[in-house]
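no sequence on this one, just coordinates:
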Ligand code: WTA
């Protein structure tokens, strides 16, 4: 398997600090016992976790019903996610949390809000009633297209309160991308804002919604949060201000008693075709998974201030900004803007001012800060930090060491957590009080997660060989399907190997002699740009939808900051001038079709794409060219492509 070869040989080992280990939610002894139990009977382990960490209105009759690839967890039970995230912190021995901060929010311009659990309860009940007043019923999908403001959290929880699955579309996606996602989910209601703040200036969201719901659209109502105060166009009858709806809404809304498998949310993610997949998560299993992993991996205590920097538009934001933390009664910090506004020390300033104790971010951000210089974090008191985490892409050992030394002051354990939109929650990660860490490794699977590395035939490979990351047993947070596409669900995730019910993650990995996992990145045509998944096919279909483009192929190349950069090879139509102007227009076109995150860094023109005799584009060759010609600038013409193709024509 030449593509999955690890060049790393990392020898450094870091033990959990004694004080940390002593006070950890899961001690070394606990972990050893739990691992033993879970290995014998993973289902029983998860049932124990559900009992400990989740409140049910009525108990399950069966822990797991597994007809590969379809799983049902905690079958027959009834519960409510917003009840677990709010109400239960206002009752009994937890009642003191009524005045505890649930959300500490900071806007990019510096405005702040602290929302207590008691206040969150009132706001969520009110907005749940507002949704009902708009005609939203149990099972109806609601689309959220919002900046990082507290209303986003309130809207999510309000949806869960009445059993309306939400579909959150990241605010950086374009109107076209939003339109597709609204149509696929069949949402009748969109919640948005006039705009949000980014890099010191307001950006518009309502405008994109107007474009996305124009013409033929299932959308009947649009709810608009007033955030920036910018001008918006208004369609009477369809558009409603958030504050107007809230002014009239009652604060009483009992949580719906929902079935364990009731759809909780849909979240779209890129795959290997042009059409994004609507990943479906349901109620009891997802909540059990995120609540348990959050408590164990982030070692949450009532005294902590926890900050995950992810945007809620991604799965990390769903599971570890909102649901995991709030279900644990934690204080979760939300920040609206970019890391470098008004200065390159904004994040460190936030940590110092709020005394953040647990900090979870992405390697791409860490690499950006390394480049900006140590003086910025060093000018702030980061001594409140006690635990650090990373997610989204492999972290290179040098970035890990910098994070450990400069941010963690050598005293904070680092949890490098591997998981996916599809897995719902963390699958592979250190347990910070119990597991020694090695820079660049996610260490070991969470108890109850049967992760393995398999070869093409489904045999487990021996360390240190590389292979495909797989999961051999169902887990509670697993996706239940792709919205509206059973066949694609089966094919993408469950058909790689003969053995039934073996999940194909799409990542390459290897294990070292100690059994530690090292993730090496995607093995399919999905790029990971700044920790965000972008399908090469998606960008290709955006490019060929431009009138000047005949054909295109998109590949990723390594990038120092973003991990991967998008490189587009484009064959323009005859008589089209392939110049810098066209390259810029194409980049803008991709931003319009998908969003700025998918913009190719390089556009390279070529009269033909290299193909095999069977007509398959030789992506491997393109990848080589993309990474080898970094200095060639934006528009190098590669006339020798056809020659290259002939030379290596036998390669398929
Ligand atoms: C990658 C994000 C290495 C991986 C939670 C996976 C990682 C994809 C890690 C999922 C990690 C995530 N180490 N790679 N700790 N975490 N990945 O769906 O390629 O946005 O398949 O979920 O990110 O991205 P997604």
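Structure received. This structure is a prediction, so every number in the text was calculated from the model and none was measured.

Now for the one residue in the stretch 501-650 of the chain that gets nearest to the ligand, how many residues are close by?
The minimum distance from the stretch 501-650 of the chain to the ligand, using Cβ to the nearest ligand atom, falls at residue 519 (3.7 Å). Quick note: C-beta positions are derived from backbone N, CA and C, even for glycine. Residue 519 has 21 neighbouring residues, counting by other Cβ atoms under 10 Å.

For whatever helix or strand it lives in, the averaged confidence score.
According to DSSP states H and E, residue 519 maps onto strand 517-522. For strand 517-522, mean pLDDT is 91.

Which other helices and strands does it contact?
strand 466-471, strand 503-511 (3 or more Cβ pairs under 8 Å, 6 or more residues apart in numbering; DSSP states H and E).

Rebuild these as a markdown table, extending it with mean pLDDT, distance to the ligand and mean neighbour count.
What follows is the helices and strands packed on strand 517-522, written out as a markdown table (pLDDT from 0 to 100; distance: least, Cβ to the nearest ligand atom, whole Å; neighbours: other Cβ atoms under 10 Å):
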| stretch | mean pLDDT | distance to the ligand | mean neighbour count |
| --- | --- | --- | --- |
| strand 466-471 | 96 | 8 | 23 |
| strand 503-511 | 95 | 5 | 23 |
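
need those in CSV with distance to residue 622, can you?
Below are the helices and strands packed on strand 517-522 laid out as CSV (distance: least, Cβ to Cβ, whole Å):
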stretch, distance to residue 622
strand 466-471, 22
strand 503-511, 19
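
of all those, which lies closest to residue 185?
strand 503-511 (23.0 Å; Cβ to Cβ).

re the thing from before, does the residue of the stretch 501-650 of the chain closest to the ligand touch residue 466 like I think?
No. Contact criterion Cβ atoms under 8 Å: residue 519 and residue 466 do not qualify, at 10.6 Å.

Give me the three-state assignment for residue 95.
Going by DSSP: H, G, I helix; E, B strand; the rest coil, the secondary structure assigned to residue 95 is helix.

Tell me the predicted confidence for residue 537.
Residue 537 carries a pLDDT value of 86.

same thing with residue 462?
Reading off the model, residue 462 has pLDDT 91.

How much space separates it from the ligand?
According to Cβ to the nearest ligand atom, to the nearest Å, residue 462 and the ligand sit 22 Å apart.

which residues are contacting the helix or strand where residue 245 lies?
According to DSSP H and E, residue 245 maps onto helix 242-248. Contacts to helix 242-248, defined as Cβ atoms under 8 Å, 6 or more residues apart in numbering, come from residues 123, 126, 127, 130, 133, 134, 151, 191, 223, 224, 225, 226.

so which of these is the most crowded?
Most neighbours among the contacts of helix 242-248, by other Cβ under 10 Å: residue 191, with 31 neighbours.

which residue packs closest to that one, ignoring adjacent ones?
residue 223 (4.6 Å; Cβ to Cβ, 6 or more residues apart in numbering).

Just the pLDDT for the one you found.
98.

thinking again about what came up before, would you point out the most distant pair within the contacts of helix 242-248?
The distance between the two most remote of these (Cβ to Cβ) is 18.9 Å, for 133 and 226.

pretty sure residue 438 is in contact with residue 15, am I right?
No. Here residue 438 lies out of contact with residue 15, judged by Cβ under 8 Å, at a distance of 11.0 Å.
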